[in-house]
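>>> Sequence plus the predicted model coming up.
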Amino acid sequence: MKLYCLSGHPTLPCNVLKFKSTTIMLDCGLDMTSTLNFLPLPLVQSPRLSSLPGWSLKDGNAFLDKELKECSGHVFVDSVPEFCLPETELIDLSTVDVILISNYHCMMALPYITEHTGFTGTVYATEPTVQIGRLLMEELVNFIERVPKAQSASLWKNKDIQRLLPSPLKDAVEVSTWRRCYTMQEVNSALSKIQLVGYSQKIPMDQASLKNSDVLVLTGLTQIPTANPDGMVGEFCSNLALTVRNGGNVLVPCYPSGVIYDLLECLYQYIDSAGLSSVPLYFISPVANSSLEFSQIFAEWLCHNKQSKVYLPEPPFPHAELIQTNKLKHYPSIHGDFSNDFRQPCVVFTGHPSLRFGDVVHFMELWGKSSLNTVIFTEPDFSYLEALAPYQPLAMKCIYCPIDTRLNFIQVSKLLKEVQPLHVVCPEQYTQPPPAQSHRMDLMIDCQPPAMSYRRAEVLALPFKRRYEKIEIMPELADSLVPMEIKPGISLATVSAVLHTKDNKHLLQPPPRPAQPTSGKKRKRVSDDVPDCKVLKPLLSGSIPVEQFVQTLEKHGFSDIKVEDTAKGHIVLLQEAETLIQIEEDSTHIICDNDEMLRVRLRDLVLKFLQKF
Amino acid sequence: MDPECSRLLPALCAVLVDPRQPVADDTCLEKLLDWFKTVTEGESSLVLLQGHPCLVELLSHVLKVQDLSPGVLSFSLRLAGTFAAQENCFQYLQGDSSLFVASAASQLLVHVLALSMRGGAEGHPCLRGDDWPACAQKITDHVEESLCCTATPKVTQALNVLTTTFGRCQSPWTEALWVRLSPRVACLLERDPIPAAHSLVDLLLCVARSPVFSSSDGGLWETLAQALSCLGPTHVGPLALGILKLEHCPQALRTQAFQVLLQPLACVLKATVQAPGPPGLLDRTADDATTVDTLLASKSSCAGLLCRTLAHLEELQPLPQRPPWPQASLLGAAVTVLQLCDGSAAPASSVGSHLCGTLAGCVRVQRAALDFLGTLSEGTGPQELVTQALAVLLECLESPGSSPTVLKKAFQATLQWLLSSPKTPGCSDLGPLIPQFLRELFPVLQKRLCHPCWEVRDSALEFLTQLSRHWGGQADFRCALLASEVPELARQLLQDPESYVRASAVTATGQLSSRGLHAPTSPEYAEARQSLFLELLHILSVDSEGFPRRAVMQVFTEWLRDGHADAAQDTEQFVATVLQAASRDLDWEVRAQGLELALVFLGQTLGPPRTHCPYAVALPEVAPARPLTEALRAFCHVGLFDFAFCALFDCDRPVAQKSCDLLLFLRDKIASYSSLREAGGGPNTASVEAALPRCRTGEHAQPPGDQEPEAVLAMLRSLDLEGLRSTLAESSDHVEKSPQSLLQDMLATGGFLQGDEADCY
């Protein structure tokens, strides 16, 4: 069993598991932190961004000044933003049979895998994952395509040139494999390969079924292990209120689904108590409308608390009420209706959290100059300081309230105690405390035997040995068997059956009846294509006692018989007939010169000594 | 015992011993027992038993009945014990020996032991107990046997009997008892595990506290020292604390106890301090493996041990007999524990990193450490450590991860530190660290005032109130506060949806206003100051919850007392407006506070009340400001009499009592004026007398100012205020609490009284 680790990002995994004859890809996350090296894509012509000076080498050589721009001591690539794909060279992706997607954040690389690698398998995901994943992809494509950028910089990627660049460009890995965003066409094609998995349809939703697993691959834990999400939501509200009370605006860079629902729910309760009911909340995204609607309909996938609300007249998420009461308004973009309705001070939720594309770029440019305004980062995927770098110097306040509801290490240690897997595999980041808190030994995976760690482009041989499997046999098939005792206590029987294997359970079923002789014209349907049941030759067993065999030969008129011992058995020479019988432990050969009659006679004599069944 | 009870008693005894009768619940039996105790205090138990043979029958009968409820059995045993507490009565009861054989109740055993000793060997104790009465001998043998038993419950029982004995009896024979039994007790300490450790600690401390042992120790101190070194960390803490609280105790033992108590903190410090730490704590305590084991065993055992240790030290801190206090080390330890909890501590060993993981985010320990850190503000510490303490407090207040309860404790501890800050002469009245601290504190406070959790907003407001009350006059504080948005936010919280927060906001804004702490940057500064009174008055009139209204009344009372501008400008108008609103309030506490405000007004007008009144200190010495008639007219004008007379018949007793006190004060005050008679002249009480029935029926007062002072005076004289006061002083349930009522109730549930007599149920 082998694990091919195509991504090194702990929360955006892409692993391929090869076992027996099956190749399964587990998630295909897309690392978008590469976009932080690029200049933002402004929606409206930005004099500031377009007049940034080109970057030149220390010796004054300015051959890169078209591709690289300098801003507040940082160097950015002036080009269409590019993403860091999972490794495509480590394994032939056309051999992947199945891709399993666990959640919408971990499917953003799907079009790259399904469209350009010869992939012919099936993708499995649940409906909310597909729908919300589609929204995220749609938003991403829209953000990038609506601001066409003429330039696509590639000179800087040259290895010899990259070495000369300042950090972090110099240290960026695998830049040659970075790719531009996919198109909507590719997204649609990729999504069409997904087979939906229904709720509780063969997906264990409890951890009991994970108990005593052989190997547990653990990815996607919280990125901010020291921050408690509830505390952060409180922090978010306090800072929001302080800003708005002073007449400032609040900008919340976010994805169009996920934490935003929680923030809206919290604000729903909070704004009245904080006396902020009159402050408008805006949600701007090409998919804002669909996102708010979708979240209300996937009832069976919601937590128990929310599920019970589905049966009540009120919607499970309170943002419907925020919309009804006109407190929350949503727009596809800043153009159009929004510019008419726009009132300040206000709170704006918009993407993209990297601050490199999307409507958020506009608000950063618009509000960045005033210290009354605040940008509150809630998505933990991007370093907020790096995200802010191309906007420096910045007067607006920046608050970092990462809200990450993924499992934390306390929960993981409870899970491991309960599930007790034989082996744990995880990204190498989880096997040591976070670099900034090297003394926090509690912020790592601690298990026995120690977790096996992986990094990008590594192949792990998982400690899982093939072994004999137990096979069950259908009663009617068992009835038809006629065992023969070949040794005291050991009986044998031949069986012709269909081996049915599913969920790691094996079952022998009676073979289908021999197909009716079909007329030559009628073509067989694919579904009827069952294994052919040939009439089987009997199996032989037993050993040939050489002396008795020679006597029998003599009885049947063969003379001049000579026996030679060999390392593996005996050779019986019939000199007169120019024939040779080679008897070994597991084979017997009769070698005679073009005399089929003689061979058959000899064969029958040999068979007399063997048991048939 | 009154005759009516005597009459009911035989029937009750019959109910109690009859298994077919439903036994009244245990609380009734407890009450009954309490009553018997009161009765036996008043008259001889012997006489009581002789007069009521049904009681003796009850006691002997309970032993024979098979299916008696345990409640009644225990009641009877305790009743017997109550009677046996008197020697003559005990002898009377002694005839029935089976009672004591059957009894395992330690209390009774102790009584018996004590009584038998008092009769026999008292004064000349013999160690071997040869001359002890047979009964005492028997009990002592039993206890001794139990102590040697391997079954922990038996040991516990024996230890409890001894604890009660040494707690109750302080005669010389107890020393003999201890000398006899202490080897057995010491043997318990050698067992592994030590059985009944909790009871053992209780016993040792009880013996140590007994004055009998103050002169000669009888091996006690050795046993205590042995216990300190044998008991596990869970039990040794309470023992060490108990030893340190003793008034007389060898110095060596105290030192040992203190070291034991400090052990867990020493371990924590040792595990986290890179360089040799502050002197004192670490030097003296050796590594203790069991303490470290407990700290590392599990999250709950670690948290439990640290919480207990911190609580013990907190308890020890204010005591005069506390040992030399390693303030610096303790401060360092408290700061370290908090750093471990917030994940910022740097471990110096594997134990340290383990503690980091265990304590990170542990709210329980965080709260205990904050309490302790607050206590440590009483002492001084090196500048560096104080800086660290303030930093860790600020970190707690700032951290988004701090839970509301932790924040509350952090606010309290911060307040303690700020209030204890030594005032040094110089341009700044505050410690050198404080100005910077305040500059960092107010943005945090600002954020907390906007917290979505109401408990946090509430704690922040309370903190603000306390801080401004004590520091309102300090320039640094005023400067930092006014530079922040805190006053404005506090003002906005007057509209908070949570009533507790509104109440705290009322108190806070009232306090800020008293100190003249309004945001100077606000353009509507003057206007805002004017309107706070109106805003608070609005809350008083319309708020649906009681807490904010009570808070408003307290603020107004304080304003009147301190001469706040809004109150002083036109005091009569102020008082009239407030009293009118308060008199209509449905909450009795608001009405009572209204009377309080009225009392302040009386005091200010007529001069301070006499010393028995608690307000005497707060008021400046003011001579009667104006002639009496004029003052009385003012009282009438503001509606004070209307309010007070109505309150006199308030359905809530505290209001009526307060009103009674107020009117008595007024009457006394007036009596001291010699001009009273002259002013009197032809009193016309008709109007007030006419008003009184209205008050009695609960109708509200008329608009103020429609009474004549003379009429009020006459009314005041005609009322029997003293009589009213003594009636009010009796608790409202004095009828229901009577023993007669209890007996009737119990009989009623037993079905012995007729239905019409028991219809109270």
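Perfect, I can see it now. Numbering: from 1, shown residues only, chains lettered A, B, ... in the order given.
>>> Quick check: pLDDT value at residue 517.
Since no chain was named, I'll use chain A. On the pLDDT scale, A:Pro517 is placed at 58.
>>> ah, I was thinking of chain B
86.
>>> Check the one 3 residues further on too.
For B:Pro520, the pLDDT comes out at 52.
>>> what's the host helix or strand of A:Gly231 packed up against?
A:Gly231 is part of helix A:229-245, with elements assigned from DSSP states H and E. Applying 3 or more CB pairs under 8 Å, 6 or more residues apart in numbering or on different chains; DSSP states H and E, one finds that helix A:229-245 contacts strand A:250-253, helix A:259-273, strand A:374-377, strand A:397-400, helix B:434-449. In short, each C-beta sits where N, CA and C put it, glycine included.
>>> let's go with 7 Å and repeat that
strand A:250-253, helix A:259-273, strand A:374-377, helix B:434-449 (3 or more CB pairs under 7 Å, 6 or more residues apart in numbering or on different chains; DSSP states H and E).
>>> The residue in chain A positioned nearest to chain B - nearest residue in space that isn't next to it in sequence?
At 2.9 Å from chain B, A:Asp442 is the closest residue in chain A, using CB to the nearest CB. What sits nearest to A:Asp442 in space, not counting adjacent residues and going by CB to CB, 6 or more residues apart in numbering or on different chains, is B:Gly357, at 2.9 Å.
>>> How about A:Gly247?
In space, A:Gly247 is closest to A:Pro345, 5.4 Å off (CB to CB, 6+ apart).
>>> The one you found: what's it in contact with?
Contact analysis of A:Pro345 by CB atoms under 7 Å, 6 or more residues apart in numbering or on different chains lists A:Val244, A:Gly247, A:Gly248, A:Asn249, A:Val279.
>>> can you pick the most crowded of these?
Counting neighbours by other CB atoms under 10 Å in any protein chain shown, A:Val244 comes out on top of these with 24 neighbours.
>>> what angle sits between the helix holding A:Gly231 and helix B:434-449?
Helix A:229-245 and helix B:434-449 meet at an angle of 100 degrees, taking axes from the mean of the first three to the mean of the last three CA atoms, to 10 degrees as the criterion.
>>> So for residue 154, what's the pLDDT?
With no chain named, the answer covers chain A. 86.
>>> Oops, wrong one, chain B.
Per-residue pLDDT puts B:Lys154 at 80.
>>> I'd like to know the phi and psi angles of residue 35, please.
By default, I'm working from chain A. phi -70, psi -20 (degrees, to the nearest 10).
>>> Can you look at chain B instead?
Here is the backbone geometry of B:Trp35 (degrees, to the nearest 10): phi -60, psi -40.
>>> same check, this time on A:Glu584
The phi/psi pair for A:Glu584 (degrees, to the nearest 10) is phi -120, psi 180.
>>> Any idea what it is bridged to?
Legend: beta-bridge partners of A:Glu584 under DSSP bridges are A:Gly569.
>>> Was I right to think it contacts A:Gly569?
Yes: under the criterion of CB atoms under 7 Å, A:Glu584 makes contact with A:Gly569 at 4.0 Å.
>>> winner for burial among the helices and strands packed on helix A:229-245?
Among the helices and strands packed on helix A:229-245, ranked by average contacts under mean count of other CB atoms under 10 Å in any protein chain shown, first place goes to strand A:250-253 (a mean of 26).
>>> can you tell me the residue of chain B closest to chain A?
Taking CB to the nearest CB, chain B has B:Gly357 as its residue nearest chain A, at 2.9 Å.
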